[in-house]
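Chemist: What follows is a predicted protein model with its sequence.
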Amino acid sequence: MAEPALSWKRRNTWASLLPVDGLGAGAAEGVSVAPCERLGLATVIACRGRADELRARIATLYGFDAPSRPIIAHGRGLDLMWAGPEQWLARSTDRAMAARLVDELRGLAAVSDQSDGRAILRIAGPRARETLAKGCPIDLHPRAFRRDDAALTVIAHIGVQLWQVDETPTYELLVAASMAGSFWRWLSASARPG
């Protein structure tokens with residue numbers, strides 16, 4: 001008897017976690033959550049002694065300067081979020097972006113595709129900041145953290161990269177795909193009033 005062939009279907013990390021109605025019953029009004037799907041993600045780490053050349057190449061190819069402080073910068077088809085000295089997280093709507101960056105930045109940077117290893121969640125609304133503050137140790141007050149500011153931090157003991165998209169406020173948070181379930185349980189509980 002022949003064994004049935006396995007077939008794999010690509011699915012978003014959040015697909016089995018997020019309820020159809022957003023945060024689910026009992027969630028606080030003023031907080032909305034949505035997955036950011038089908039994005040290309042890659043880590044970019046400058047080769048030793050090549051950071052200036054790397055920055056020049058990025059400026060030429062994408063029309064912006066790679067950030068040297070904790071912000072996200074936007075260019076032509078690519079965003080770069082500072083992730084430490086001479087390292088960044090690249091984000092694009094083009095899932096083939098990592099392979100392209102490997103060629104474009106050859107000899108200047110190590111590039112590693114993170115598209116399937118990380119998951120991004122968008123959290124927005126007037127109570128988004130309050131919800132995140134229940135587990136985030138950094139100051140998200142508008143005087144300290146504004147649009148395009150970014151941070152590497154932990155929320156509920158889970159490593160997170162986050163950035164502020166707008167003044168609503170809207171945040172995007174990136175977690176390891178393997179931690180998405182734990183992060184979702186914390187977030188859905190934290191969004192409830194009280």
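Modeler: Here it is on my side, so go on. Just so we're clear, the structure is a prediction, and the values are computed from it rather than from any experiment. Numbering: from 1, shown residues only.
Chemist: All the strands of this protein, in order from the start?
Modeler: Assigned by DSSP state E, the chain shows strands spanning 32-36, 40-46, 72-74, 79-82, 87-92, 109-113, 118-124, 150-155, 158-166, 170-176.
Chemist: What mean pLDDT does the second one get?
Modeler: Pointing back at strand 40-46 there. For strand 40-46, mean pLDDT is 97.
Chemist: Just list the residues touching the closest residue to residue 165 other than its chain neighbours, thanks.
Modeler: Of all residues not flanking residue 165 in the chain, residue 172 sits nearest, at 5.9 Å (Cβ to Cβ, 6 or more residues apart in numbering). To be clear about C-beta, it is placed using only N, CA and C from the backbone, and glycine gets the same treatment. Each residue near residue 172 by Cβ atoms under 8 Å, 6 or more residues apart in numbering is listed here: 36, 120-123, 162-163, 165.
Chemist: Could you rerun that using 6 Å?
Modeler: Contact criterion Cβ atoms under 6 Å, 6 or more residues apart in numbering gives 120, 122, 163, 165 as the residues in contact with residue 172.
Chemist: try residue 166
Modeler: Residue 166 makes contact with residue 147 under the criterion Cβ under 6 Å, 6+ apart.
Chemist: so residue 153 touches residue 138, yeah?
Modeler: Yes: the criterion here is Cβ atoms under 6 Å, and residue 153 meets it with residue 138 at 5.2 Å.
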